[in-house]
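Peer 1: need a structure here:
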Amino acid sequence: MALRKMLPPVIGKGNGALTVRKRKSHSTRPKVDPITLGIIRNHLSTYADEMANTVIRTAYSTMVRDAMDFSTALCDAHGQTIAHGVTIPFHLGSIHFALGAVLQKYQDQVYPDDIFILNDPFSGGIHLPDIFLFKPVFFKGECIGFSAVVSHHVDVGGRVPGSSACDSTEIFQEGLRIPPLKLYERGKPCEALFQMLELNVRVPIVVLGDIRANLAALRTGERGLLELAERYGKKTLGAYLAELLDYTERLVRSEFESWPDGEYEYTDYLDDDGVDPEPIPLHAKIIVKGDSLIVDLEGSARQVKGAINSPLPYTVSTVAYAVRSLMKADIPHTSGLFRALEVRTLAGSIFNPVMPATSNMRGITGFRLADTLFGALAQIIPDRVPAAGEGGNSLVFIGGYNDHGEPFVVSDLIAGTWGGRPTKDGNDGLTNPGSIIANIPAELMELEYPVRLLQYGLVKDTGGAGKHRGGLAIIREWCLVGTEAIASTRTDRRNHLPYGLHGGLPGARSSLVVISDGKIINRGTKDSFPMRRGEAIRHCTAGGGGWGNPLERLPEKVLEDVVDEKVSIEKARELYGVVIRPEDILVDEEATLELRRSMATVAERSADHPGNGASRNSSIVIDGTQGNSSQLENPGIQELR
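Peer 2: The predicted model follows:
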């Protein structure tokens, strides 16, 4: 299925409400000048960011307020995104899908002070916890645009606290489905819908508090659009918004035109889906053809039983993020990006699931799709693409009732690490660039929930070796101090490690265990299980892959890593060929030169004999995973043995 066929209809004004019509010809527009275009663009971006600040200042949950798992945007009267706040890149392409679904249903029933709501992934949403809200903006009786917010809500009902478990097998287990509906009509709230929300979520005060924070942000965005309309008038503003979309398209096409034509393919794997243990192949073919780009995902797995299927709007958003993040130009975050981009999927696949597929944990599939796309893009623009990061944010949900009988849901998103980059090491302990979220501070978690954070830090020797080292893994450990709870976890990159590029080695594998009565119990990468008071979950993320040949890393950089306790003396010698004297922690230059010559000779000989599983300037292939056997284990695992 091609993306262009899925875009929302063009919407215009008619009879006091909105109806479908054809887009006007460019020749009817007033003339625009670049300075005014720049002013309007910056105004829109500023207000999209101010909307985000409004959410942060007024939200109730740690998921939204502290982890910042939400996005804000402004759209034109046709439902096309014209500005996106500095929030979740993975939401970049989802706004116009969701708003398009709203406008298709209510095309002639959009009035001032309406507010629309939806979360159903089969009606324009991206998974049930992400609830979209839209407010039309009217100026002198005519709709000039929409303000939009989407937030991940800590609970939307379903079989487990937090509404997210990888082993759910149908959407009816995942929570409350909301098709496109009016939460407010002409300023009057729909009390029935508010009551439905209140009665079907575990923590209604928190969920409704976050919704009200989003409502406040919608009013902020409305104010921004009205200021522009007052200054320029509706007709002129409409012309500049249309030009902003065209300007985005021109920049994107110019970028694509600079890439070499051809077809580029890459396959990566998810470890499992939480139900079946088999690996899940994700295949991307990127076709560069002149000034356009086709991303063909039809070679990927069919939809799976577990809750990691990626609804089409989320798939398209992920593709948009991956492509946009590697462009050189200062390109506006608008729907103009999609005019030069086509996404092909098959209905019933993991990237375009059909009823009753589950998707509440689909984030891990988005992260892995981005890794797959980067693997293909590294063949097109190798000087811009980093090695694979930790595999995406891990999720740990712990929910139940505290000692006072009050419900609680801990939703922790572990922001991990980056792969090595073409000119720099990977960042340590920084969120995956596709999500831009923050780890929840230990003090806030312990203050609000019956949980204690026993460990939180970086893990030595987990970053993939390379000319530019991969970032280190994160270790985090939660202990339940309440009575009983249910835990749901989502991790990956245990069996299929974060890849290195251009001779870099992969990062260390992830691990997750439960510690109960002094016993260590290994859990799956995607799991749900009961917890008792005093039990703890310990999780080590994967490390980032390395970029470039480790023997080309400057010895002084290796020494710096040893001093900073990021790399051990033993691994410095084994992986980088750098000999560091333990007595004074200095590089033995002569021994290092000799060792590196010896290691390079061995690599050359291995490259001359492809049958031994190695190739020139690459690392050893072990069980289908490129890496070095001495680095595959996460030291966080070894501590537990």
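Peer 1: so where do the helices sit in this protein?
Peer 2: Taking DSSP state H, the helices of the chain run over residues 34-58, 62-65, 94-105, 191-200, 204-232, 234-257, 312-324, 363-377, 442-448, 555-563, 569-576, 589-607, 635-638.
Peer 1: Run through who's touching the third one.
Peer 2: Contacts to helix 94-105, defined as C-beta atoms under 8 Å, 6 or more residues apart in numbering, come from residues 6-9, 11, 18, 71, 73, 75, 79-81, 84, 110, 116, 118, 123-126, 132, 134, 146, 148, 150, 179-180, 312-314, 316-317, 335, 338. To be clear about C-beta, it is placed using only N, CA and C from the backbone, and glycine gets the same treatment.
Peer 1: that older thread, using CSV, please lay out the helices of the chain together with distance to residue 523 and mean pLDDT.
Peer 2: Formatted as CSV, the helices of the chain follow (distance: least, C-beta to C-beta, whole Å; pLDDT from 0 to 100):
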stretch, distance to residue 523, mean pLDDT
helix 34-58, 33, 96
helix 62-65, 22, 90
helix 94-105, 31, 95
helix 191-200, 29, 96
helix 204-232, 27, 97
helix 234-257, 43, 96
helix 312-324, 26, 95
helix 363-377, 16, 97
helix 442-448, 21, 90
helix 555-563, 31, 97
helix 569-576, 27, 97
helix 589-607, 37, 89
helix 635-638, 13, 48
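Peer 1: Can I get the buried ones among the contacts of helix 94-105 as something I can paste into PyMOL?
Peer 2: Buried members of those, defined by 16 or more other C-beta atoms under 10 Å, are picked up in PyMOL with:
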select buried, resi 6+7+8+11+18+71+73+75+79+80+81+84+110+116+118+123+124+125+126+132+134+146+148+150+180+312+313+314+316+317+335+338
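Peer 1: Strands - which of the contacts of helix 94-105 land there?
Peer 2: Those of those mapping onto strands are 11, 18, 71, 73, 75, 81, 84, 116, 118, 132, 134, 146, 148, 150, per DSSP state E.
Peer 1: And for the last one, nearest residue in space, chain neighbours not counted?
Peer 2: Going back to what we said before, that points to residue 150. residue 132 (4.7 Å; C-beta to C-beta, 6 or more residues apart in numbering).
Peer 1: The one you found and residue 120 touch, don't they?
Peer 2: No - if you go by C-beta atoms under 8 Å, residue 132 and residue 120 don't touch, sitting 9.9 Å apart.
Peer 1: returning to what we had before: quick one: which of the ones in strands among the contacts of helix 94-105 is nearest to residue 302?
Peer 2: For these, the minimum distance to residue 302 (C-beta to C-beta) is 26.4 Å, reached by residue 118.
Peer 1: What pLDDT is listed against the residue nearest to that closest one when sequence neighbours are not counted?
Peer 2: Computed as C-beta to C-beta, 6+ apart, the closest residue to residue 118 that is not its neighbour in sequence is residue 180, at 4.6 Å. Listed pLDDT for residue 180 reads 98.
Peer 1: mind listing what residue 180 touches?
Peer 2: Contacts of residue 180 (C-beta under 8 Å, 6+ apart): 101-102, 105-106, 116-118, 123-124.
Peer 1: what about it, distance to residue 134?
Peer 2: Counting by C-beta to C-beta, to the nearest Å, the separation of residue 180 from residue 134 is 9 Å.
Peer 1: tell me, how many neighbours does the residue nearest to residue 552 when sequence neighbours are not counted end up with?
Peer 2: Once flanking residues are discounted, residue 552 sits nearest to residue 467: 4.3 Å by C-beta to C-beta, 6+ apart. Applying other C-beta atoms under 10 Å, we find 22 residues neighbouring residue 467.
Peer 1: before we move on, what about the one 5 residues further on?
Peer 2: Counted by other C-beta under 10 Å, the residues lying close to residue 472 total 32.
Peer 1: which one of the helices of the chain lies closest to residue 284?
Peer 2: helix 363-377 (4.7 Å).
Peer 1: okay, the angle between the closest one and helix 312-324?
Peer 2: 40 degrees (axes from the mean of the first three to the mean of the last three C-alpha atoms, to 10 degrees).
Peer 1: tell me which residues of stretch 195-205 are tucked away?
Peer 2: Judged by neighbour count (16+ other C-beta under 10 Å), stretch 195-205 contains these buried residues: 197, 201-204.
Peer 1: now swap in stretch 124-143 and tell me
Peer 2: Buried positions in stretch 124-143, judged by neighbour count with 16+ other C-beta under 10 Å: 124-139, 143.
Peer 1: For stretch 261-268, give the mean pLDDT please.
Peer 2: Here the average pLDDT along stretch 261-268 is 98.
Peer 1: Good, wrapping up.
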